[in-house]
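Peer 1: Take this sequence and fold it.
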Amino acid sequence: GAIAQVLSKYARRFQAIGEKMQVKFGEQSVIHTMRIPPPDQITAAHLQPMLDSVKAQSEAVLQLREIYKSTTVPLHMYGDRLGYGAYEGLLDLAISENDFVKCAPPQQELLAAAMASLGSKSTIVLDLVALATLQLLGITRQVLTCGSFRFVISPATYTELQQLRAKARFSTAHGTLNYENGQHYFTQTTEQQAEKEKASVEEWMQCIEANITVVPVPEVATFTPERREVLENVFGRYGLESVLLALSPGHILWTDDGIFAEAAKFELGVERVWTQAVIEHITNLGLIDRAASNEAYAKLVGFNYQSTHFNGQTMLASIRISNGSVERFPARQMIRVFGEFFPVNKNGAFRLLAEFIFRLFNEPFLPETRCVVLKAFLDTFPNDAQTKVLLASFRRQCAQLFVLNPLSASDFSNCFDEWVRERLNINPFENL
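Peer 2: Numbering: from 1, shown residues only. The predicted structure is shown next:
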């Protein structure tokens, strides 16, 4: 007879049991089957069960995000509730506009202390979350090839990476149905996009394999089964191995999961650093260009890693990345974060803005682009009488920054006065 189809035994078995999964496991099934009539006979009623299922899943994710915001949940546990792990948990929060990643404490001195601790270490243990951050920032190669540290991961972490690679290799063109802000929407991944994602993940994996050593962690066997089970439930096997590996002399843990880091310190006494501390340390050593590190910090702000320290250079980097658009990533998020900073530290906010303005108006953007950007940051200020007085003084002082560049001084003053007329409804500062 003729061969109708060639399938792997796994694909054949998957197809054989697929329709029975929902019967056996009900709502807990990872596969939901529904029969749809031909296109000329389909109605809204046929699609409603699928739409209801997507809506329910979306609402469950929103509830989970609220739990993450208000409680101390490590990313492994968050990702596990999504049906995945810490890697997917981080990505879910990072790409969500209204959520944040609990990464690091806000105190400047703690960032300095973390950087100082790197000076006495020879080996950095990267956990799954740190690797995911490097992938998001697009600087995996720059960091791993800097030459200042030996980078290692645990076997369980490498197993997770291999699973991510396998998933990417089998990715094909597909569509995703989502529910957000009261409506459903469909996003399509084309074959070209799927191939690009495959190539990107493979390049990332090859960089990791070329520059990171996988080190066994026999110390896991020293725990009682009960103790090991508890720690693996909280940290994941990959997290537990990473912590134990980081307890070796001269080692330190690199993770951007602040909750995991605090729990691991309490339970096992591990010392850790996070992405901004590592990048700033190797930048200060001259191993990474300052412009590249500022772009990384701008993206960390864009992905809402709390708390990420930034300055005028970082603010300008966010504008460069977004090609001068205040509506694109990460400029949009940077503007929002700056607005949140002003009520907390007014003087600090004005210092940041002054540095940013000086750099912005010496940047080779069109005058119209610079003005739109300036107005977007000024729009974050409240419209009360006290702030108006502060802004009047700020305008006068900023104009003095351009004493050697009268053209920039004129562009700044004209833009600022135009914003005053538009936003504050008061006369320009003619007498200042």
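Peer 1: what are the ranges of the strands in the protein?
Peer 2: Taking DSSP state E, the strands of the chain run over residues 101-102, 123-126, 150-153, 174-180, 183-189, 213-214, 251-254, 272-273, 305-306.
Peer 1: out of the ones you listed, which comes closest to M50?
Peer 2: Closest to M50 of those, according to Cβ to Cβ: strand 174-180, at 7.2 Å. In this view, the C-beta of every residue, glycine as well, is placed from N, C-alpha and C.
Peer 1: how far away is R370 from A45?
Peer 2: Distance, R370 to A45, using Cβ to Cβ, to the nearest Å: 54 Å.
Peer 1: cool, F356 as well?
Peer 2: 55 Å.
Peer 1: follow-up on the earlier one: for the strands of the chain, which one sits closest to V337?
Peer 2: The nearest among those, by Cβ to Cβ, is strand 305-306 at 9.3 Å.
Peer 1: and that closest one, what does it pack onto?
Peer 2: strand 101-102 (3 or more Cβ pairs under 8 Å, 6 or more residues apart in numbering; DSSP states H and E).
Peer 1: Each with direction, which strands does the strand it packs on pair with?
Peer 2: Taking DSSP bridges as the criterion, strand 101-102 sits next to strand 305-306 (parallel) in its sheet.
Peer 1: who's in contact with R290?
Peer 2: T283, Q313 (Cβ atoms under 8 Å, 6 or more residues apart in numbering).
Peer 1: ok, F356 and A45, which is more surrounded?
Peer 2: F356 (24 against 7; other Cβ atoms under 10 Å).
Peer 1: how many other residues sit next to the nearest residue to the more buried one once chain neighbours are set aside?
Peer 2: The shortest distance from F356 to any non-neighbouring residue, by Cβ to Cβ, 6 or more residues apart in numbering, is to G312 (3.9 Å). Other residues near G312 come to 18 when the count uses other Cβ under 10 Å.
Peer 1: Now for G312: which residues touch it?
Peer 2: G312 is in contact with L352, L353, A354, E355, F356, I357, F358, R359, counting by Cβ under 8 Å, 6+ apart.
Peer 1: I figured I153 hits V215, correct?
Peer 2: Yes - counting by Cβ atoms under 8 Å, V215 is a contact partner of I153 at 7.5 Å.
Peer 1: the more surrounded of those two?
Peer 2: Neighbour count, other Cβ under 10 Å: between I153 and V215, I153 has more, with 25 against 17.
Peer 1: and that one, how far is that from C146?
Peer 2: Taking Cβ to Cβ, one finds I153 at 17 Å from C146.
Peer 1: and if you look at E295?
Peer 2: Taking Cβ to Cβ, one finds E295 at 16 Å from C146.
Peer 1: next one: E180
Peer 2: E180 is 39 Å from C146, by Cβ to Cβ.
Peer 1: export the strands of the chain to CSV and tack on distance to R237?
Peer 2: Output for those, formatted as CSV (distance: least, Cβ to Cβ, whole Å):
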stretch, distance to R237
strand 101-102, 22
strand 123-126, 15
strand 150-153, 13
strand 174-180, 29
strand 183-189, 30
strand 213-214, 14
strand 251-254, 15
strand 272-273, 18
strand 305-306, 25
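Peer 1: so which of the ones you listed gets nearest V54?
Peer 2: V54 lies closest to strand 174-180 among these, at 5.0 Å (Cβ to Cβ).
Peer 1: same for the closest one, what does it pack against?
Peer 2: Judged by 3+ Cβ pairs under 8 Å, 6+ apart, strand 174-180 is in contact with helix 44-70, strand 183-189.
Peer 1: Measure how the shortest one sits relative to strand 174-180, angle-wise.
Peer 2: When axes from the mean of the first three to the mean of the last three Cα atoms, to 10 degrees is applied, the directions of strand 183-189 and strand 174-180 differ by 160 degrees.
Peer 1: and strand 183-189, which strands flank it?
Peer 2: When DSSP bridges is applied, strand 183-189 pairs with strand 174-180 (antiparallel).
Peer 1: Selection in PyMOL covering whichever of the contacts of G312 are buried, please.
Peer 2: Here is the PyMOL command that picks out the buried ones among those, judged by 16 or more other Cβ atoms under 10 Å:
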select buried, resi 352+353+355+356+357+358+359
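Peer 1: doesn't G302 make contact with V101?
Peer 2: No - using Cβ under 8 Å, V101 makes no contact with G302, being 11.4 Å away.
Peer 1: ok, the closest residue to G175 other than its chain neighbours - contacts?
Peer 2: Nearest residue to G175 in three dimensions, chain neighbours excluded: Q188, at 4.8 Å (Cβ to Cβ, 6+ apart). Each residue near Q188 by Cβ under 8 Å, 6+ apart is listed here: A173, H174, G175, T176.
Peer 1: Am I right that the third one is in contact with T189?
Peer 2: Yes - here G175 lies in contact with T189, judged by Cβ under 8 Å, at a distance of 7.1 Å.
Peer 1: neighbour-wise, which of these two wins?
Peer 2: For G175 versus T189, neighbours defined as other Cβ under 10 Å are more numerous around T189 (15 against 9).
Peer 1: give the contact list for the more buried one.
Peer 2: With contact set as Cβ under 8 Å, 6+ apart, T189 has these partners: S171, A173, H174, G175, T176, E197.
Peer 1: tell me which residues form a beta bridge with it?
Peer 2: For T189, the beta-bridge partners under DSSP bridges are H174.
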